[in-house]
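Novice: After the sequence you'll find the predicted model.
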Amino acid sequence: DARVTQTPRHKVTEMGQEVTMRCQPILGHNTVFWYRQTMMQGLELLAYFRNRAPLDDSGMPKDRFSAEMPDATLATLKIQPSEPRDSAVYFCASGLVKTGTGAYGYTFGSGTRLTVV
Amino acid sequence: TQLLEQSPQFLSIQEGENLTVYCNSSSVFSSLQWYRQEPGEGPVLLVTVVTGGEVKKLKRLTFQFGDARKDSSLHITAAQPGDTGLYLCAGGGYGQNFVFGPGTRLSVLP
């Protein structure tokens, strides 16, 4: 089965350090999402891309977070500088969205568990 | 802003019982999906519904999309311990952001 691959699975870093999370979406999928999950807030949409173009990043703190898709096989989420409140599980998901339709499904990666101390 | 609410927030039942969980919104969604998430993993897609009134069955799971496409339900017949997990509904479409509800955490006791 095709899968979304996220690296690293776990990351512990000190406050103020840069963190980069990577995602390899499923080949052929044109939409990539970044979500953050915490017990308090649930799944929060941070940003998403269609055909590598950013469509919405309104969920991200702009001063410290950035999301990019340098090519179709890689999406990155960077936090600089990291803060303890950024501790969460970060998920990447990809899917194929066709123009004019509402029927689609997304495949999630296993997530990156980030702890900022 | 589109919001999805789910109820109940927590549910603990005995193996063999039936249950229904709900997903509600004041917004109309072009499609709605149900996911199950187990500890340490990402959500896994169970079903997508797109037509008002649509009913889909997946073994012991029955999904229904409301006529107005604002709500959905998930019914599990004869629950098993393997059904334990966080059940998430999510809505969106081509021109809409994709949003998740807070989830229903189900525990099925043997």
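Specialist: Nice, thanks for sending it over. This one's a predicted model, so the numbers in the text were calculated from it and none came from an experiment. Numbers count the residues shown, from 1 in each chain, chains lettered A, B, ... in the order given.
Novice: Tell me the pLDDT of A:D71.
Specialist: Among the per-residue scores, A:D71 shows a pLDDT of 93.
Novice: now swap in A:A103 and tell me
Specialist: At A:A103 the predicted local confidence, pLDDT, stands at 51.
Novice: again with B:S30
Specialist: Taken from the predicted model, the pLDDT recorded for B:S30 is 83.
Novice: what's the burial count for it?
Specialist: Neighbour count of B:S30, defined by other CB atoms under 10 Å in any protein chain shown: 16. All C-beta atoms are positioned from the backbone trio N, CA, C, and that covers glycine.
Novice: cool, B:Y35 as well?
Specialist: Neighbours of B:Y35 under the rule other CB under 10 Å: 24.
Novice: Does anything pack onto the helix or strand where B:R36 lies? Which helices or strands?
Specialist: Secondary structure here is read from DSSP states H and E; on that basis B:R36 sits in strand B:31-37. Under the contact criterion of 3 or more CB pairs under 8 Å, 6 or more residues apart in numbering or on different chains; DSSP states H and E, the helices and strands touching strand B:31-37 comprise strand B:44-49, strand B:71-76, strand B:85-92.
Novice: can you put those in TSV and add distance to B:Y35, mean pLDDT and mean neighbour count?
Specialist: As requested, the helices and strands packed on strand B:31-37 are arranged in TSV below (distance: least, CB to CB, whole Å; pLDDT from 0 to 100; neighbours: other CB atoms under 10 Å in any protein chain shown):
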stretch	distance to B:Y35	mean pLDDT	mean neighbour count
strand B:44-49	6	93	19
strand B:71-76	11	97	20
strand B:85-92	4	92	24
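Novice: Among these, which comes closest to chain A?
Specialist: Between chain A and the helices and strands packed on strand B:31-37, the shortest separation by CB to the nearest CB is 4.3 Å, and it involves strand B:44-49.
Novice: still on that earlier bit, what lies in contact with the strand holding B:R36?
Specialist: Applying CB atoms under 8 Å, 6 or more residues apart in numbering or on different chains, the contact partners of strand B:31-37 are A:102-106, A:108, B:23, B:43-50, B:63, B:65, B:69, B:72, B:74, B:85-93, B:103.
Novice: For the least confident helix or strand in chain A by mean pLDDT, which outside residues touch it?
Specialist: Ranked by mean pLDDT, DSSP states H and E, the weakest helix or strand in chain A is strand A:53-56, scoring a mean of 88. Counting contacts by CB under 8 Å, 6+ apart, the residues outside strand A:53-56 that touch it are A:45, A:47-49, A:67, A:69, B:97.
Novice: now check stretch B:66-80, is it near chain A?
Specialist: No - applying CB under 8 Å from any CB of the partner chain, one finds stretch B:66-80 separated from chain A by no less than 9.3 Å.
Novice: chain center to that stretch, what's the gap?
Specialist: The gap between the average C-alpha position of stretch B:66-80 and the chain average comes to 7 Å, counting by CA atoms, centre = their mean, to the nearest Å.
Novice: chain center to the least confident helix or strand of chain A, what's the gap?
Specialist: A distance of 13 Å separates the C-alpha centroid of strand A:53-56 from that of its chain, computed with CA atoms, centre = their mean.
Novice: now do stretch B:28-40
Specialist: For stretch B:28-40 - counting by CA atoms, centre = their mean - the centre lies 6 Å from the chain centre.
Novice: near chain B, which residues of chain A show up?
Specialist: A:4, A:33, A:35, A:42-43, A:45, A:48, A:56, A:91, A:93, A:97-111.
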